[in-house]
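J.: Could you work out the structure for the sequence below:
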Amino acid sequence: MQNRLSSGHPSAILKMNSVRRFSDRQPKGSESVNLLNALERVRYRLNENDARPETLKLVDSIARKASTPGADHAQVNSVTDLVRRLMRTPVANQNVGVYDDLAVLEEQLESETAAFIEKKAEDESRPMPKSRKHYKQLKEKEQREKDAEDPSRAT
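T.: All right, here's what the predicted structure looks like:
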């Protein structure tokens, strides 16, 4: 009998994810998303995209398994990562429509991520205004330099 993990069974998504407890936090900036929350987001986005009922059924079956005690703390790296994992399930491999729904969602998420990263880089490259203290110190420095150049003006 073939192992459920190697068969690509829907519960394999839960087991493929390394279950991280709150004490096993990753370094800041690489925080994970709770699997149930990510599945809710995926289901909402699929509804917005008028996805096929089979696709929603797949997400619901994974959500049911993820809500069992012990699995309710499962984490995924990102929603995009979850969608990619859903695309590798047997249901998606056997049904082209399900795969297409998930591929469209993956493309949308990647384009939104790219736009967010671009906007963030643009915001970070914007010059920050200087404080009043900075300009006061600059004025005092210029005055000292001017006084050093022209000793007759010094008081």
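J.: what's the single longest helix in this protein?
T.: Among all segments of the chain classified by DSSP state H, the helix with the greatest residue count is helix 96-125.
J.: distance between the helix or strand following that one and the chain's centre?
T.: Moving toward the C-terminus from helix 96-125, the next helix or strand (DSSP states H and E) is helix 132-149. Here the centre of helix 132-149 is set off from its chain's centre by 47 Å, with CA atoms, centre = their mean, to the nearest Å.
J.: can you give me the mean pLDDT across helix 132-149?
T.: Along helix 132-149, the predicted local confidence has a mean pLDDT of 89.
J.: Also stretch 103-123?
T.: Averaged over stretch 103-123, pLDDT sits at 93.
J.: Return the distance of it from the chain's centre.
T.: Averaging C-alpha coordinates over stretch 103-123 and over its chain gives two centres that are 10 Å apart (CA atoms, centre = their mean).
J.: Residues contacting that stretch, please?
T.: Stretch 103-123 has contacts (CB atoms under 8 Å, 6 or more residues apart in numbering) with Val42, Arg45, Leu46, Asn49, Ala51, Val79, Thr80, Val83, Arg84, Met87. In this view, the C-beta of every residue, glycine as well, is placed from N, C-alpha and C.
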